[in-house]
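Trainee: Next one to model:
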Amino acid sequence: MTPELARDPRGSDSVSSQRIAGILRDEILAGELTPGTWLRQDELAARLGTSRIPVREALRILESEGLTESFPNRGSRIPVLSLEDVNTYYRMRERLEPLTLAESLPHLTDHHIAHLERIQEEIENQSDVNRFLVLDRDFHMATYAGCPSDHLLATTERLWNSTQHYRRAFMVFTDHDRAAIVNAEHRLILDAVRRRDPEDGERYLTGHIRRTRVELTAHPELFAEKR
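Mentor: Okay, the predicted model is just below:
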């Protein structure tokens, strides 16, 4: 990755910023950078073979996506959430994402649905937690792909990003039987999407998110106390 940054023939700070943001985004969502990790501009610039200017802009991009937070005179870090924070974010998701799905449904094509089918089939045929988290995110974001509101989509994605680490930590030790429940719920959502039925889609999705919230917040050991 570093040579690619260093050899960027366009030499554009904006291009470099997007690429750096992409690298860091992947590392955060993959759990390689965990909550509480400080992101030092000098260290990142040295590691990625670039200057501080595109790194600074990349951190601003990630903050707008809910993946980092900044502190005056201290820098940026991966956010640390309390149980209360995550409970609130999930309750927000329970209300927001059904709307995102309902807005998306009229604009989804047969191609979108075929893509969803392929994602769900892969989910059902693997057991790796890291791969599941990637596919689960892909599945839900694909159901929102037709939403015409950029603001609604950005807010939905920000909430997903904010809780990614805690969802990962929960999945590491959760009961393997839970996979069957997730797959059944995904199939219900997919059926509603296929039928372009916003009422069923909203109901199934709300229950899906709520169940995850209830199970996740039953494990206070996953969360830091709010500072």
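Trainee: Tell me where this structure has helices.
Mentor: 2-6, 13-29, 41-48, 52-64, 83-104, 110-124, 129-143, 150-162, 164-173, 178-194, 198-216 (DSSP state H).
Trainee: now the last one: how far from the chain's centre is it?
Mentor: Counting by C-alpha atoms, centre = their mean, to the nearest Å, helix 198-216 is centred 17 Å from the centre of its parent chain.
Trainee: which residues make contact with that helix from outside it?
Mentor: 86-87, 90-91, 93-94, 97-99, 101-102, 105, 143, 166-167, 170, 174, 178, 181, 185-186, 188-189, 191-193, 222 (C-beta atoms under 8 Å, 6 or more residues apart in numbering). Just so you know, the C-beta spots here come from the backbone N, C-alpha and C atoms, and that holds for glycine as well.
Trainee: now those: which count as buried?
Mentor: 86-87, 90, 93-94, 97-99, 101-102, 105, 143, 166-167, 170, 185-186, 188-189, 192-193, 222 (16 or more other C-beta atoms under 10 Å).
Trainee: The closest residue to Thr156 other than its chain neighbours: how many residues sit nearby?
Mentor: Among residues not flanking Thr156 along the chain, Thr100 sits closest, at 4.8 Å (C-beta to C-beta, 6 or more residues apart in numbering). Each residue near Thr100 was counted by other C-beta atoms under 10 Å, and the total is 24.
Trainee: what residues are up against Thr100?
Mentor: Per C-beta under 8 Å, 6+ apart, neighbours of Thr100: 144, 147, 152-153, 156.
Trainee: which stretch among the helices of the chain comes nearest Asn73?
Mentor: helix 41-48 (13.0 Å; C-beta to C-beta).
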